[in-house]
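[1] Predicted structure and sequence below. I'll ask about it afterward.
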Amino acid sequence: MQAAENLLKHLVQTIEVQLDAAKKLDAERLQVATEKRQDLLFELELEQGRVQRTEEIIFLLQQVEELDKRLMDVLEIVSDACKSVNPSKSPTTYDNTGKLSGYKI
């Protein structure tokens, strides 16, 4: 097994942890997984010139791509939910003098 293949397997597992943490709104676990992912990506960069593209590596890369899309979708939903629960503090209406009124920053 190539080192890159092993790293990609760990990367898939790490993205799955990120996805689970994002779904559960576990920011601390998400942060730890994100840091681990950055380390794995750095190690993969070091392997870049020595990788032989096998069927297993292609399959793992496809898994990474699919999981990344799911992760981005979940993070977008979580972000939108947080915005609706904690709306912007900026003014949203005008008072009788024509000045913006609403939340004070």
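    Happy to help now that I have it. Numbers count the residues shown, from 1 in each chain.
[2] In terms of helices and strands, where is L7?
    Assigned by DSSP states H and E, L7 belongs to helix 3-23.
[3] Which elements pack onto the helix or strand that that helix is followed by?
    Next along the chain after helix 3-23, taking DSSP H and E as the criterion, comes helix 27-47. Helices and strands touching helix 27-47, by 3 or more Cβ pairs under 8 Å, 6 or more residues apart in numbering; DSSP states H and E, are helix 3-23. To be clear about C-beta, it is placed using only N, CA and C from the backbone, and glycine gets the same treatment.
[4] Okay, buried residues for the helix it packs on please.
    Buried residues in helix 3-23, defined by neighbour count with 16 or more other Cβ atoms under 10 Å: 4-5, 7-8, 10-12, 14-15, 17-19, 21-22.
[5] just those residues now: which is nearest L41?
    L11 (7.3 Å; Cβ to Cβ).
[6] Quick check: chain neighbours aside, which residue is closest to that closest one?
    L40 (4.8 Å; Cβ to Cβ, 6 or more residues apart in numbering).
[7] cool, and L8?
    Residue nearest to L8 in three dimensions, not counting chain neighbours: L60, with 3.9 Å by Cβ to Cβ, 6+ apart.
[8] repeat for R29
    Using Cβ to Cβ, 6+ apart, the nearest residue to R29 is A21, at 4.0 Å.
[9] measure the one you found to Q31 for me?
    8 Å (Cβ to Cβ, to the nearest Å).
[10] again with R53
    R53 is 32 Å from Q31, by Cβ to Cβ.
[11] need the longest helix for the protein.
    In the chain, with assignment by DSSP state H, the single longest helix is helix 55-85.
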